[in-house]
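In: here is my input, please return the structure:
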Amino acid sequence: MLLESFFTVLADFATSPAMLGLVGLGAILGLVLGAIPGISSTMALAILMPVTFTMEPGVAILFLISVFMSSVYGGSISAILMKLPGTPASIFTQIDGYPMAQSGRAGHALNYALVASTVGGMVGLALLVVLAPVLADFATNFRSPEFAAVALFGIVMLSFASNGSTLVASVVGFVGVLLGMVGFDALTDAQRMTMNQPMLQSGLNLIPVIIGLFGLGEILQNLVRFGDSPTTRPAIGKVMLPLSELTRRWKVMLRGSVIGTFIGAIPAAGSAVAVSIAYAQERRLSKEPEKFGSGHPDGLVAPEAANSASVGGSLIPLIALGVPGDTITAVLMGALMVHGLTPGPLLFANDPTFVSWIYVSVLLALVATLVLGLGMIRAAVLVTRIPPQLMYVFIAVFCVIGAFAIRNDMNDVYVMIAFGVVGFVFSRIGLPVTPLAFGLILGPILEENLRRSLMISQGSWKIFIDRPISATLLAICVLLVALPLITALLHRLYGPLACKRGGKVPSNYPGE
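Out: Got it, this is the predicted structure:
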């Protein structure tokens with residue numbers, strides 16, 4: 001049924017000039033925004049999300065996924081030409097991409113990145129189509145305790161993957177959960193944490209919060225960092241590569257794609273982890289590892305394939321479990337919820353056509369990015385020459401318009417500005433921003449299922465331990481939070497032992 005729906009939707013899209021035009025527009029916007037230093041895929045989605053409020057849900061997702069997929073490749077443009085990665089995942093692209101550009105092979109580097117990104121995206125999509133229904137079918141056995149445990153697992157996993165202390169990141173995540181409780185209680189109709197402010201009675205709208213954290217907050221942060229970018233731009237040179245140069249690296253692309261998909265499917269692992277593993281693995285397997293870092297194509301192809309494939313991977317937990325795989329899919333989940341759609345296992349049973357829309361959207365976005373990306377390689381230098389200050393002004397205005405357009409309410413603009421300041425302050429003092437957004441998104445899911453579980457068990461917390469899946473997920477959560485403490489304890493125990501052995505750390509030392 002799902003396969004039949006996929007081909008039906010694909011035929012409808014392919015024969016609709018309006019849909020194809022929308023895919024092309026999303027791809028161009030994603031390429032341009034992704035290529036501008038400091039504008040990440042998350043920011044691109046956050047600031048363009050308000051454009052989709054008047055669209056039908058499927059059309060909105062088609063547009064946003066086009067922006068999403070193309071901005072992933074767009075981020076490599078500034079990394080290759082300017083040594084300015086737009087996202088953490090692009091850091092590994094610049095290691096070999098920038099030296100290639102400096103040696104007069106910028107066009108070849110961009111071509112390698114584009115082809116690898118397309119292959120990675122296709123592999124990620126194929127594994128998404130295969131694995132998501134299996135996981136969703138398994139998740140149909142979930143009840144309230146399991147869904148509560150999954151929501152908690154998503155928050156804790158993100159906290160564990162965040163930079164800095166896992167405990168601090170977990171606290172930030174649970175602050176987000178508390179923010180999700182602001183407003184009237186759905187069960188008792190009592191006001192919670194409104195401070196007698198009428199504007200808070202309906203709760204904090206998710207979209208202004210996301211636009212503030214990932215849009216305005218990033219702009220403020222970039223303005224502080226502004227001035228560090230290089231002033232020279234390398235020439236593009238030759239663009240087209242011999243087919244043999246691409247085909248001989250199919251194993252590199254395949255390895256990077258598989259790594260990217262499976263790492264991306266781990267909630268909160270993210271593309272940055274995927275590309276780092278793919279790069280390290282390829283360097284280890286290479287016959288000439290000493291050339292990595294000086295412009296080796298394999299060092300560019302592997303992380304780009306992993307980066308794009310992680311998109312399909314991150315969509316697996318989003319579609320199957322209703323848990324965002326990373327920051328970008330958290331924004332995408334916010335867009336789905338605005339349009340009245342709740343991702344999760346029931347989506348396959350209740351609306352398989354919409355699942356097909358997502359699959360087809362990813363496929364068309366990849367094709368559009370490949371076609372338009374090849375055509376825009378020579379224009380990429382022009383994009384990187386746009387003054388960042390000018391772009392930041394336009395984006396700030398767009399953030400204000402987008403926040404206001406949700407409900408035509410100035411209170412939403414104030415919320416957006418407030419969370420923009422919060423995002424900026426968090427970044428300056430070293431606190432992770434993403435757990436706050438995850439907590440706000442998953443908080444209502446956690447609270448609803450937690451309260452329902454306790455009502456079923458008549459107040460007994462034992463219900464979470466009696467069910468194997470929820471007990472396993474909770475045990476993993478406890479382990480992740482306690483792992484840094486365990487590591488510190490083992491370090492204390494092994495430290496004196498190492499000193500007695502002449503300062504040599506035992507081979508089984510946990511930090512190795």
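
In: shaky segments in the stretch 1-150 of the chain?
Out: Scanning the stretch 1-150 of the chain for pLDDT under 70 picks out 1-3, 37-40, 84-89.

In: and for Leu45, the neighbour number?
Out: Per other Cβ atoms under 10 Å, the neighbour tally for Leu45 reads 28. The C-beta positions use only the backbone N, C-alpha and C, and glycine is treated the same way.

In: Ala330 versus that one, what's the distance?
Out: Plainly put, Leu45 is 10 Å away from Ala330 if you go by Cβ to Cβ, to the nearest Å.

In: and Val311, by the same measure?
Out: 13 Å.

In: okay, those two: which has more neighbours?
Out: Between Val311 and Ala330, Val311 has the larger neighbour count (other Cβ under 10 Å), namely 31 against 27.

In: which ones are touching the more buried one?
Out: 68-69, 72, 121, 124, 264, 271, 328, 362 (Cβ atoms under 8 Å, 6 or more residues apart in numbering).

In: swap in Val150?
Out: By Cβ under 8 Å, 6+ apart, the residues touching Val150 are 142, 321-323, 473.

In: phi, psi for it please.
Out: With angles defined as degrees, to the nearest 10, Val150 sits at phi -60, psi -40.

In: check Ser16 too.
Out: Phi and psi for Ser16, reported as degrees, to the nearest 10, are phi -110, psi 110.

In: ditto for Gln191
Out: Dihedral angles (degrees, to the nearest 10) for Gln191: phi -80, psi 140.

In: now swap in Asn196 and tell me
Out: phi 60, psi 30.

In: again with Arg192
Out: The phi/psi pair for Arg192 (degrees, to the nearest 10) reads phi -130, psi 120.

In: list the residues that contact Asp298.
Out: 96, 249, 252, 282, 286, 292.

In: ditto for Thr353
Out: By Cβ under 8 Å, 6+ apart, the contact set of Thr353 is 5, 9.

In: for it, pull up the helix or strand it's in.
Out: Element membership of Thr353, judged by DSSP states H and E, is helix 352-376.

In: measure the most centrally placed residue in the chain to Gly334 for me?
Out: In the chain, the centroid-proximal residue (Cα atoms, centre = their mean) is Ile328; its distance is 3.1 Å. The spacing between Ile328 and Gly334, counted by Cβ to Cβ, is 11 Å.

In: which residues touch stretch 444-456?
Out: So stretch 444-456 is contacted by 143-145, 147-148, 151-152, 155, 177, 180-181, 186-187, 322, 460-461, 463-464 (Cβ under 8 Å, 6+ apart).

In: only whichever of the residues you listed are buried, select them in ChimeraX.
Out: With 16 or more other Cβ atoms under 10 Å as the criterion, this ChimeraX line picks the buried residues out of these:
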select :144,145,147,148,151,152,155,177,180,322,463,464
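
In: so which of the contacts of stretch 444-456 belong to helices?
Out: 144-145, 147-148, 151-152, 155, 177, 463-464 (DSSP state H).

In: can you redo these as a markdown table with distance to Arg451?
Out: Listed next are these as a markdown table, based on distance: Cβ to Cβ, whole Å:
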| residue | distance to Arg451 |
| --- | --- |
| Ser144 | 9 |
| Pro145 | 12 |
| Phe147 | 12 |
| Ala148 | 9 |
| Ala151 | 12 |
| Leu152 | 14 |
| Ile155 | 17 |
| Val177 | 13 |
| Ile463 | 12 |
| Phe464 | 13 |
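
In: out of these, who's nearest Ala418?
Out: For the ones in helices among the contacts of stretch 444-456, the minimum distance to Ala418 (Cβ to Cβ) is 18.2 Å, reached by Val177.

In: my read is that the closest one contacts Gly443, right?
Out: Yes: the pair Val177 / Gly443 is scored as a contact, 3.7 Å apart, by Cβ atoms under 8 Å.
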